[in-house]
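Q: let me see the structure of the following:
(one chain, ligands or ions: 1)
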Amino acid sequence: MTTTWQDRYSGAVMNTFGVPKLMLERGAGAHVWDADGNEYLDMLAGIAVNSLGHAHPALVQAVSTQLATLGHVSNLFATEPQLRLAERLVEMVGGDARVFLSNSGTEANEAALKVTRRTGRTKIVATEDAFHGRTMGALALTATEAYRAPFEPLPGDVVWVPFGDAEALAAAVDEQTAAVIVEPLQGEAGVNVPPRDYLLAVREITSRHGALMWIDEIQTGIGRTGTLLAHRNPELFDGEVVPDLVTLAKGLGGGVPIGATVALGATASLLVPGNHGTTFGGNPIATAAANAVLDTIEDDDLLTHVEGVGEILRKGLEADPRVTEIRGAGLMLGLTLADSVDTATLVDAALAAGLIINVPRVGRVRLVPPLVLTVDDAERFLTAFATALDAAGVSP
Ligand SMILES: *Cc1c(COP(=O)(O)O)cnc(C)c1O
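A: A predicted model of the protein is given here:
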């Protein structure tokens, strides 16, 4: 008997994800190929990570050049790519801010959580259905009981209120509250969109009680919804909200691991020498990658592109009676299907139609393709998705 790659996976990789359905070999743009040479249109992008798609020349060039020049030095030294990225992130949130760089979303949230502890308060208000990461601190904020329960006790003093409900939030926030953490759109839940005035209300409530407003833009940030930061997207939100903390990761490095904790105003001074650290965080390779992502978004006017191609997807999906709701903006779209088809059946039908899609909950599809998804890709998706819904037996 031959040993399959699935056997090797089960034999050597800890069983936290289940055995994957595919082993992928290479990618280009929004396309990937498996070990048998089958091609797939990647509408998941490594879970909203591959902002420039696969093997983008600007990212390849930036990372290769940086690695050949100076790959890692630790935070005992500064580097130009690190400074450039930090300055750009400060500018992105509006000027008066400072940045802590790390290696992932959960780490970006850990650093922010430590910032909140330095207020002298410990209570955190989060939202139901929120996802904030898997390390102990970030997990303590994540709403999903099944993720948290096996690891209790977790850092405590967290309460959850319904997402998008300003009244419930106002009732939960008090003088003991260090921070309110909220995603602009809830990603892992299948793209939940709050009312247009929700973030303004969060700002008003937190300010009233001297609590920090912490926006988790790990999935929504870096162009995903058509603006660099989703909380500034006029298509989604009223007003101009200035938060105290913004966390970033996923799309920022375009596939190279990086996280960023941005603290605004006085909040930027809460962590002092000795309070936090990281060996890899802000490393020249990761920051060169993030700079290349931001350069490409700017140079190729990807924000306008995201809006345009997102609109094509939306229009096409609206025409399908089996799709009853489309949530989100830009290239972060959540669909509800008329028929609650079994999750695995739908994912398999999509793969058979040449599509990688994500089905986070029964009857809910999340589309977070590369920002470089072309108009042709979008049209190919619409055709293949209709085929997949047919094959999965989804009826209107
Ligand atoms: C993915 C995600 C995280 C965790 O990021 P990791 O890089 O997986 O640790 C945190 N918050 C949100 C909103 C996310 O989507």
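
Q: show me what contacts the residue in the chain that the ligand sits nearest to?
A: With CB to the nearest ligand atom as the measure, residue 105 is the residue of the chain nearest to the ligand, at 2.1 Å. (C-beta placed from N, C-alpha, C; glycine too.) Taking CB atoms under 8 Å, 6 or more residues apart in numbering as the contact definition, residue 105 lies against 132, 133, 138, 218, 219, 247, 249, 250, 259.

Q: any idea which element the first one lies in?
A: In this case it means residue 132. For residue 132, there is no enclosing helix or strand under DSSP states H and E.

Q: would you check that it makes contact with residue 109?
A: Yes - judged on CB atoms under 8 Å, residue 132 makes contact with residue 109 at a distance of 5.1 Å.

Q: list residues touching both of these two?
A: Contact criterion CB under 8 Å, 6+ apart; residues shared by residue 132 and residue 109: 138, 141, 181, 216, 218.

Q: all helices for the stretch 251-396 of the chain, in order.
A: Under the criterion DSSP state H, counting those that start in this stretch, the stretch 251-396 of the chain contains helices at 284-299, 302-318, 343-352, 375-391.

Q: the shortest one: how far from the chain's middle?
A: Right, the one you point to is helix 343-352. Chain-centre distance of helix 343-352: 23 Å, with CA atoms, centre = their mean, to the nearest Å.

Q: again, but for the first one
A: Distance of helix 284-299 from its chain centroid, counting by CA atoms, centre = their mean, is 17 Å.

Q: got the CA coordinates for that helix in PDB?
A: Taking C-alpha atoms only, helix 284-299 is exported to PDB below (Å, rounded to 0.1, in the frame of the first residue of the first chain):
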ATOM      1  CA  PRO A 284      12.700  43.300   8.200                       C
ATOM      2  CA  ILE A 285      11.200  40.600   5.900                       C
ATOM      3  CA  ALA A 286       7.700  40.900   7.300                       C
ATOM      4  CA  THR A 287       7.700  44.700   7.300                       C
ATOM      5  CA  ALA A 288       9.200  44.800   3.800                       C
ATOM      6  CA  ALA A 289       6.300  42.500   2.700                       C
ATOM      7  CA  ALA A 290       3.700  44.800   4.400                       C
ATOM      8  CA  ASN A 291       5.300  47.800   2.700                       C
ATOM      9  CA  ALA A 292       5.000  46.000  -0.700                       C
ATOM     10  CA  VAL A 293       1.400  45.300   0.000                       C
ATOM     11  CA  LEU A 294       0.600  48.900   0.900                       C
ATOM     12  CA  ASP A 295       2.700  50.200  -2.100                       C
ATOM     13  CA  THR A 296       0.800  47.900  -4.500                       C
ATOM     14  CA  ILE A 297      -2.600  48.900  -3.100                       C
ATOM     15  CA  GLU A 298      -1.600  52.500  -3.800                       C
ATOM     16  CA  ASP A 299       0.200  52.100  -7.100                       C
END
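
Q: report the central residue of this structure.
A: The residue lying closest to the centre of the chain (CA atoms, centre = their mean) is residue 219, at 1.5 Å.

Q: need the contact list for the nearest residue to that residue once chain neighbours are set aside.
A: Using CB to CB, 6 or more residues apart in numbering and skipping residues adjacent in sequence, the residue nearest residue 219 is residue 187, 3.7 Å away. If you count contacts by CB under 8 Å, 6+ apart, residue 187 has them with 48, 131, 219, 220, 332, 366, 368.

Q: show me these that map onto strands.
A: If you go by DSSP state E, the contacts of residue 187 have 332, 366 in strands.

Q: buried subset of the contacts of residue 187 as a ChimeraX selection?
A: In ChimeraX syntax, the buried subset of the contacts of residue 187 is picked out as below (16 or more other CB atoms under 10 Å):
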select :48,131,219,220,332,366,368
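
Q: mind giving me TSV with the contacts of residue 187 and columns for pLDDT?
A: Below are the contacts of residue 187 laid out as TSV (pLDDT from 0 to 100):
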residue	pLDDT
48	98
131	97
219	98
220	98
332	98
366	98
368	98
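
Q: of the contacts of residue 187, which fall within the contact range of the ligand?
A: 131, 219 (CB under 6 Å from any ligand atom).

Q: for residue 30, state which of the contacts of residue 187 is nearest.
A: Here the nearest of these to residue 30, counting by CB to CB, is residue 368; it sits at 11.3 Å.

Q: give the contact list for the closest one.
A: By CB under 8 Å, 6+ apart, residue 368 lies in contact with 43, 44, 45, 47, 48, 187, 219, 224, 331, 332, 333, 358.

Q: one more pass at 6 Å, please.
A: Shown in contact with residue 368 (CB atoms under 6 Å, 6 or more residues apart in numbering): 45, 48, 332.

Q: show me the contacts for the last one.
A: Taking CB under 6 Å, 6+ apart as the definition of contact, the neighbours of residue 332 are 224, 225, 368.
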